[in-house]
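**Q** Need a 3D model of the following:
(one chain, ligands or ions: 2)
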Amino acid sequence: MAHIIVVGNEKGGSGKSTTCMHVATSLVRMGHKVGALDLDLRQRSFGRYIENRLTFARKQGLDLPTPDYRELPEADQATVEPGENVFDHRLSAAVAALEQDAEFIIIDCPGSHTRLSQVAHSLADTLITPLNDSFIDFDLLARIDPDTSRVTGPSIYSEMVWNARQLRARAGLKPIDWIVLRNRLGAQQMHNKKKVGAALEQLSKRIGFRVAPGFSERVIFRELFPRGLTLLDLRDIGVENLNLSNVAARQEVRDLMRELKLPGVSVNF
Ligand SMILES: Nc1ncnc2c1ncn2[C@@H]1O[C@H](COP(=O)(O)OP(=O)(O)O)[C@@H](O)[C@H]1O
Ligand SMILES: [Mg+2]
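**A** Ligands and ions are numbered 1, 2, ... in the order given. Predicted structure coming up:
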């Protein structure tokens, strides 16, 4: 069976699609077979990202390691059981098709609460939640007391993950390994950074996730999408001397891949 990695957060713009692309291509680069699904059926950023990559590689005559991306298949009404949810059916069919060949399946989720996203979370062996370093984003994980910065209770997204964990437990599946990834960390705003960090530390013990250091705020992330590139491809496209920022960014991807502790993966780039 494939190890399923879900990248989710009900907040848009937190870096889910960017993270998906980097994790998926890192795994392919290290020789693993990776299937990819995008459950954001409207924006399809992850799907578009991979399509851009294939187009760019073809035009340039490059062989860029690329995950096996599949569209969610349309449901064949004849095979949908009475009472079965059509979205569940389509997701199961997609996972079953990819599982024939893939060691890892990476699933990007929309930045909203949908049936597809909910079901995907219950399939997750590993869940990665990118989070912008802001209390607006933190609010989807937990409520905090403005005076003391103490966590007062879980919030909508954590409750959804909790439900997914319950479902898995009842089905006898292994628990979700949940990693919260801090994204767009700034060089300034030390005070905010510390406060969000402390709140995450507190919460991680309470609701059971690990905190990964994540990605700094870098312009290059926004430039990579049209060519479908990741930070790991710069040498392949002829960038001989990586600048300091690019070297540091690569290191962040490497650190994330190590922190994920995926089965059978030894990070070697
Ligand atoms: N670490 C980062 N530094 C700078 N820009 C980033 C970073 N991470 C993501 N972005 C940019 O933020 C926007 C949202 O990222 P995206 O991955 O599409 O988020 P989501 O899938 O959660 O909506 C995109 O324009 C992306 O290029
Ligand atoms: Mg997205």
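**Q** Return the backbone torsion pair for L131.
**A** phi -140, psi 120 (degrees, to the nearest 10).
**Q** Against ligand 2, how distant is V180?
**A** V180 is 17 Å from ligand 2, where distance means C-beta to the ion, to the nearest Å. (Glycine included, C-beta is placed from N, CA and C.)
**Q** repeat for A164
**A** On the measure of C-beta to the ion, A164 and ligand 2 end up 19 Å apart.
**Q** just checking, that residue touches C109?
**A** No - with contact defined as C-beta atoms under 8 Å, A164 does not count as touching C109 (11.6 Å).
**Q** The two - which one has more neighbours?
**A** C109 (28 against 23; other C-beta atoms under 10 Å).
**Q** nearest residue to S112 other than its sequence neighbours?
**A** Leaving aside its chain neighbours, S112 sits nearest to E10 (6.0 Å; criterion: C-beta to C-beta, 6 or more residues apart in numbering).
**Q** After the helix or strand harbouring I4, which helix or strand is next?
**A** Secondary structure assignment for I4, by DSSP states H and E: strand 3-7. Using DSSP H and E, the helix or strand that follows strand 3-7 in sequence is helix 16-29.
**Q** OK, contacts around A75?
**A** By C-beta atoms under 8 Å, 6 or more residues apart in numbering, the contact list for A75 reads V86, H89, R90, A93.
**Q** Could I get the contacting residues of the second one?
**A** H89 makes contact with A75, T79, V80, E81 under the criterion C-beta under 8 Å, 6+ apart.
**Q** Are the strand holding I4 and ligand 2 in contact anywhere?
**A** No - for a cut-off given as C-beta under 5 Å from the ion, strand 3-7 has no contacts with ligand 2; the smallest distance is 8.5 Å.
**Q** does any part of that strand sit near ligand 1?
**A** No - judged by C-beta under 6 Å from any ligand atom, strand 3-7 and ligand 1 are separated, with a smallest distance of 8.0 Å.
**Q** contacting residues around that strand?
**A** 16-17, 19-20, 23, 95, 103-109, 120-121, 123-130, 260, 262-263.
**Q** if we can go back for a sec, can I have the buried ones of the contacts of A75 as a PyMOL selection?
**A** Applying 16 or more other C-beta atoms under 10 Å to the contacts of A75, the buried members can be selected in PyMOL as follows:
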select buried, resi 89+90+93
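**Q** tell me which of the contacts of A75 is nearest to ligand 2?
**A** Nearest to ligand 2, judged by C-beta to the ion, of those is R90 at 18.8 Å.
**Q** ok, that closest one - contacts?
**A** L72, P73, E74, A75, L116.
**Q** Enumerate every residue touching the third one.
**A** Taking C-beta under 8 Å, 6+ apart, we find E74 in contact with R90.
**Q** pretty sure it is in a strand, no?
**A** No - the assignment for E74 is coil, going by DSSP: H, G, I helix; E, B strand; the rest coil, so no strand is present there.
**Q** end to end, how far does stretch 146-165 reach?
**A** Stretch 146-165 has an end-to-end distance of 29 Å (C-alpha to C-alpha, to the nearest Å).
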